[in-house]
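Colleague: Give me a model of this one.
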Amino acid sequence: MATEQQIPHDARPSQTDHSRHASHIQPGRTKATMLGLIMVFALRKRIREQCHADLRATDVERLIEVVEEGELNQSILGILHDASQRTEPVPAALATLLTHEDPVNKPFELHDEPASEDERSLAVGFCIRMDTALHGTEAADERDTVHANLTGERASSHRCDMVFRVLSTIHSLLNLQDEIDRKHHQA
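Modeller: Numbering: from 1, shown residues only. Below is the predicted model:
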């Protein structure tokens, strides 16, 4: 699920918003969460096929540790590729998938081709989709913002932020899915 930092105050539904628009899904948390769960489902399915193991929150925690220990002053693709070489198969598979080409306009597909640049990666595409759903903005506008950030004066900082953001979002979504599964099994 998107972290509190990612959810602007005006995108959080208030009591009056909920009652006024009860039958309308507002841009924001619910839409982003549902989209994120579907994207994580696709990642889990692919990793299960490749590694014969399920992607768990602990795998993402391990990948975050490996990323933190690595060289962060490089491209998003470089950070994730480096991490994939220094970790176990399941976290490595996630890192590798995030370096693949983003299936623009097909958010639930995963491509096998490596991305040619950071902006074309699934890691960046995942964040763009989440922002679009969260803020109710256009994907093209989000892509323009990402481009400006990844090519601007603080590009190195933005690249690191993007890597940690996609991993922490996937981690939160995996925890949410586990909670949903637990409640379903208890019912």
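
Colleague: model confidence over the one helix or strand Ala32 maps to, on average?
Modeller: Using DSSP states H and E, the element containing Ala32 is helix 29-51. Throughout helix 29-51, pLDDT has a mean value of 93.

Colleague: Remind me what it packs against, helices and strands.
Modeller: Applying 3 or more C-beta pairs under 8 Å, 6 or more residues apart in numbering; DSSP states H and E, we find helix 29-51 packed against helix 89-98, helix 122-135, helix 155-186. For every residue, glycine as well, the C-beta is placed using N, CA and C.

Colleague: quick one, which of the ones you listed is nearest to Met34?
Modeller: helix 122-135 (8.0 Å; C-beta to C-beta).

Colleague: Point out the other helices and strands that that closest one packs with.
Modeller: Packing contacts for helix 122-135, counted by 3+ C-beta pairs under 8 Å, 6+ apart, involve helix 29-51, helix 76-85, helix 89-98, helix 139-151, helix 155-186.

Colleague: got the angle for the second one vs helix 155-186?
Modeller: Angle, helix 76-85 to helix 155-186, by axes from the mean of the first three to the mean of the last three C-alpha atoms, to 10 degrees: 50 degrees.

Colleague: same thing with the first one?
Modeller: Taking the same axes, to 10 degrees, one finds helix 29-51 and helix 155-186 inclined to each other by 90 degrees.

Colleague: one step back: do you know which of the helices and strands packed on helix 29-51 lies nearest Gln74?
Modeller: Of all the helices and strands packed on helix 29-51, helix 155-186 sits nearest to Gln74, with 7.8 Å by C-beta to C-beta.

Colleague: Please state the offset of the closest one from the chain centre?
Modeller: 7 Å (C-alpha atoms, centre = their mean, to the nearest Å).

Colleague: that older thread, output the helices and strands packed on helix 29-51 in CSV, with distance to Leu72 and mean pLDDT appended to each entry.
Modeller: Listed next are the helices and strands packed on helix 29-51 as CSV, based on distance: least, C-beta to C-beta, whole Å; pLDDT from 0 to 100:
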stretch, distance to Leu72, mean pLDDT
helix 89-98, 14, 97
helix 122-135, 14, 93
helix 155-186, 5, 95
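
Colleague: before we move on, back to that, would a markdown table of the helices and strands packed on helix 122-135 with distance to Gly70 and mean neighbour count be doable?
Modeller: Putting the helices and strands packed on helix 122-135 into a markdown table (distance: least, C-beta to C-beta, whole Å; neighbours: other C-beta atoms under 10 Å) gives the following:
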| stretch | distance to Gly70 | mean neighbour count |
| --- | --- | --- |
| helix 29-51 | 21 | 17 |
| helix 76-85 | 5 | 22 |
| helix 89-98 | 10 | 23 |
| helix 139-151 | 19 | 15 |
| helix 155-186 | 10 | 17 |
